[in-house]
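Participant: from the sequence below, what's the structure:
(one chain, ligands or ions: 1)
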Amino acid sequence: MVNEGGSLIGKPHVRVDGVAKVTGRARYGSDEPIIRPAYAYLVTSSIAKGRIRGMSLDGARSVPGVLDILNFQNVGSQAKAPLGPDGGPTTTTMETDMIWHDGQIIAVVVAETYEVAREAARKVVVDYVVERPAATFDSPGVQAEVLKVNAGRGDPKVGDAAAAFTAAEVKIDAHYTTPTQHHNAMELFTTTCVWDGPKLTVYEPTQFVWGTKTSVAARLGIDPTMVRVVSQYVGGAFGSKGPNARTAWIAIAAKRLNRPVKLVATRDQGFGLHTYRAETRHHVKVGATREGKLTALMHEGWEVTSRPSSYSVSGTDVTARMYACPNVTTKVNVVHADRNTPGFMRAPAETPYMFALESAMDELAHELGMDPVELRRVNDAQTDPINGMPFSSRSLMKCFDQAAARFGWSKRDSTPGSMRDGDWLVGWGCATSTYPCYLGPAAARLSLAPNGKAMIQLAGHEIGTGAYTVVAIVVADRLGLKVEDVTVSMGDSDYPPVAVAGGSNNAASTSLAAAKACEEIRHRIAKAAVQAVGSPFAGGNPATLTLADSKLAGPGGKTESLANAISRVSGGPIEVIAENTPEGLPADTIAGLHQGKFALLGGTARKDVTALAFGAHFVEVRIHGRTGEIRVPRVVSAFAAGTIINPLTAYSQFMGGAIWGLSSALLEATEIDHRDARYINDNLADYVIPVNADIGQVDVIFVPEEDNRVNPMGIKGIGEIGIVGMNAAVANAVFHATGQRVRQLPIRIEDHIPDERT
Ligand code: MOS
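Facilitator: Down below sits the predicted model:
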C-alpha cells in the first residue's frame, strides 16, 4: 500500500510564505540586491504604424550620467525576433525600423540613476514615417482571417446546426461584445540582467522560468544552459508574465556596459509591452423545443490581434460542450489591426465566450418562460456533446442547486422589473462557470533528512495563488511529516523544470510530481527496511510500509524512527529526482521543457475523457430607479473542482475570481483612441477596477467532488474558473431588474436607463 495521504490534503493551511510576504523578506524580481546596477528606461513608440526614419540622440546623450542608448541601428541585429504567446510570429521591437503598434519599445536608455535615464529618454527625438493605423473592429484597414482552430482538431461541430436552427420552435439570435482589458497586476514589468562571463542571470517576474530562460537564449543565440532565470515571487500575473521582448534588450544593455542593468517599466508602458485580453464579438444562435431542449447551437466569434500574429483564444471549444445539444457549429475569426499582440488573461477563452453563451441561455429561458436553472438542468449532459466521450466528472447541477438554495432563488419572481425595494430595482441572475482541466509535465528534486526535514526544489511558480503551500502540503502528507517540516524552493530555472503556471494547471502538475518524488523515497526506505537483517520489518512486503507521524510504520502497529530507516539507504539525506509526464502527453514532454515548449494536456483535447471543472454564480443587482447606479450587494458562487489541496487559499482564489468577474461585468475596459490606435486609460486612475466599497457579500460554496479520471490525485485546478460566467450572471440580473438586455460589456448606466429617469 502506498501512502494514500488524505490527512493533510483538503485541510486549510495558512500560506507557508505568508510571514516572508508581510515582512518584506519575500524577494520579487526587482528586489534582488544587485551591486552597482545601471538603470534602464524604455522609449516607446508614439505612433501605431510606420517606420523610424531616424533618431536624434544628442540631447539624450548630453544628460549627465547617461551611459548608453540602444536602438535598432546599434543593436537591432543582435537579437532574433520573439515568438508570440501561441509560439507563432508576433510584433518585433528594435530588431528593425518597423513600428507595429503604439507603445512598442524603440530605444532603451541606460544611465547611472533611474531619474537620469527617464530624463534622457524624454530627450530622444524620433523621426517617424507615419502611416494611418487600424485600431480595432470596423476600422478602415483591418484584415479578417477565418481560423482553423484547436491545433488540427478543427472547430467543434456535430450534426446539422443550420437546419436544426431553421426548424427550431423557439429561437434566440443575438450579438454580444466584450471589451479590451489589461491585467494590471500590482507588480510592474521588471527585468534585471547580470552577466558573469558567458553566464547570464535574469531576475524577472515570470509564470514560466524555463520558458523565459529558453526564449532569452534563443533570441540572443546562446546556449540555454548559460541562462538562469530567477522569479521566486510574482506580484500578480494573470497570464501577462512570461517570455517577452524586453528581456533580451536588457541583457544586451548589460553586456555592452559590462555591468548589471535594471529595468522597471512604468504602469502606462505595461499596456503596450505585454499581452492583454483582446476585444471580442460573438454571434450566437440557439434553437430549442418548447420544453427547453436545445436543438441547435451556433457560436461564431471574432477577436482582435496584431498584424503578424494569428493568436486567438477560441472559446467555442468550451461553449460547444456546455450543454447536451445534438447540432452544433462554431467558427472563430481573428481581425488583424495595428496593435500589440493579445494573449492569455485569466480564463482567456472562457471569460468572453461564456458571456455570450450564458447571456443567450438566459434570453432563451425568458423566451420559454422557464426558470434559468431548470433550463440548465434540462440540458445537462454527462457526455461531451461533440465527441461523445464521458466528462471526467461533472457536478454542474449540484453547483446550481447548492448555490440557488443558499441564495434563496426560489423566492425570485421571474417577471423582469417586478422586484423592488424602495427606490431600487432588484434583479437576480445566474450563469454557468467552467474551466478546462489542464495538466503539464513537471519534475522535482526532493530530499528527506534523518532529522525528519524535507526539502523540495522545482521550477514552479508562486504567482500569488498559494503554490508554495500546495507543494508543502502534498510533500508533508505523503512523507508523513508536518507542513512546517517541508521547505519548498521554486521560481528558479536551476531547479528541475515545471510547465508554465497558466491554464490553472499548476496545483495538479506540481502535486503529481511532488507525490511521485515522495513515493520514490518511501519505496527506497521500505525496500531497505524489509531487506535488512534485524529490521523490525525484515521479510515483509515493502508495499505495506508507510511514512506517518515522522516514522516508518508497518502492519501490526510496528514503527521505527525515520533516522534509523533512512540510515539503511543513505549516510545523510535521501535525495531523489522525479519526473511526471501526464498520461496522454508524448513521452518526450519533459525534454521539451528544456527547449521551452509548454505542452499542456488540455481538458477538451483528451482521448479518454473531457475534463472540465464547473461552477454556478448567482448575483443580486440593485439599480437605482432615478440615477441608474448599479450595486451588487451579494454573490453566491459554488464550484466543483475535484480535490482541493488547501481550502484556505482556494477560497481566496474563488472569491478573487468572482470579484474580478464583477469588475469585468461593470467596470473594466481599456479604452482605445480610434484615430491613433492608442490606449487612453493606461493608468490605475482611469482603468476602473472595484474597490472594497464596490463589493458586497461574496459567498463561496465548495461542492465536494471526487474525480479519479482527471488525474491520479483528482485535482482539477481553480485559478481561473472563479471569473468565468460572472459577467453573464450580472447581465442576466440587470435584465431581470430592468427588462433591458445589455449585450455589451462593461454594463454602464447609459445601457439600462430606468423608466423613472427619462
Ligand atoms: Mo493564465 S491566463 O493561463 O495565467
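Participant: run through who's touching the helix or strand bottoming out on mean pLDDT in the chain.
Facilitator: Ranked by mean pLDDT, DSSP states H and E, the helix or strand of the chain with the weakest confidence is helix 589-594, at a mean of 87. The list of residues contacting helix 589-594 from outside it, by C-beta atoms under 8 Å, 6 or more residues apart in numbering, reads 210, 214, 224, 441, 443, 497-499, 579, 581, 586, 597, 599. C-beta coordinates here come from the backbone N, C-alpha and C atoms, glycine included.
Participant: which parts of it are buried?
Facilitator: Residues of helix 589-594 classed as buried under the neighbour-count rule (16 or more other C-beta atoms under 10 Å) are 589-590, 592-593.
Participant: likewise for stretch 553-570?
Facilitator: For stretch 553-570, the buried set under the neighbour-count rule, 16+ other C-beta under 10 Å, comprises 553-554, 559-560, 562, 565-566, 568-570.
Participant: if we can go back for a sec, wait, which of the contacts of helix 589-594 is closest to residue 45?
Facilitator: Sorting those by distance to residue 45 puts residue 214 at the head of the list, at 27.6 Å, by C-beta to C-beta.
Participant: report the separation between the closest one and residue 261.
Facilitator: Between residue 214 and residue 261 the distance is 21 Å, computed by C-beta to C-beta, to the nearest Å.
Participant: more neighbours, the two?
Facilitator: Under the neighbour definition other C-beta atoms under 10 Å, residue 214 and residue 261 were set side by side, and residue 261 has more, 28 against 22.
Participant: skipping adjacent residues, who's closest to that one in space?
Facilitator: Once flanking residues are discounted, residue 261 sits nearest to residue 254: 4.2 Å by C-beta to C-beta, 6 or more residues apart in numbering.
Participant: hang on, that neighbour in a strand?
Facilitator: No - with the criterion set as DSSP: H, G, I helix; E, B strand; the rest coil, the secondary structure at residue 254 is helix rather than a strand.
Participant: number of residues surrounding it?
Facilitator: Residues within reach of residue 254, counting by other C-beta under 10 Å, total 25.
Participant: what is the distance between whichever strand or helix holds residue 21 and the centre of its chain?
Facilitator: Using DSSP states H and E, residue 21 sits in helix 18-22. Centroid separation for helix 18-22 versus its chain: 23 Å, with C-alpha atoms, centre = their mean, to the nearest Å.
Participant: helix or strand right after it?
Facilitator: Scanning the chain past helix 18-22 towards its C-terminal end, the next helix or strand to appear is strand 38-44 (assignment: DSSP H and E).
Participant: would the longest helix along the chain count as contacting the ligand?
Facilitator: Longest helix in the chain by number of residues, with DSSP state H as the criterion: helix 506-531. No - with C-beta under 6 Å from any ligand atom as the threshold, helix 506-531 lies outside contact range of the ligand, at a closest distance of 9.2 Å.
Participant: what's that helix packed up against?
Facilitator: Packed against helix 506-531, as judged by 3 or more C-beta pairs under 8 Å, 6 or more residues apart in numbering; DSSP states H and E, are the following elements: strand 442-448, helix 467-479, strand 546-548, strand 551-553, helix 562-567, strand 574-580.
Participant: try it again with 7 Å
Facilitator: Applying 3 or more C-beta pairs under 7 Å, 6 or more residues apart in numbering; DSSP states H and E, one finds that helix 506-531 contacts strand 442-448, helix 467-479, helix 562-567, strand 574-580.
Participant: could I get those as TSV with mean pLDDT?
Facilitator: Formatted as TSV, the helices and strands packed on helix 506-531 follow (pLDDT from 0 to 100):
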stretch	mean pLDDT
strand 442-448	98
helix 467-479	98
helix 562-567	97
strand 574-580	98
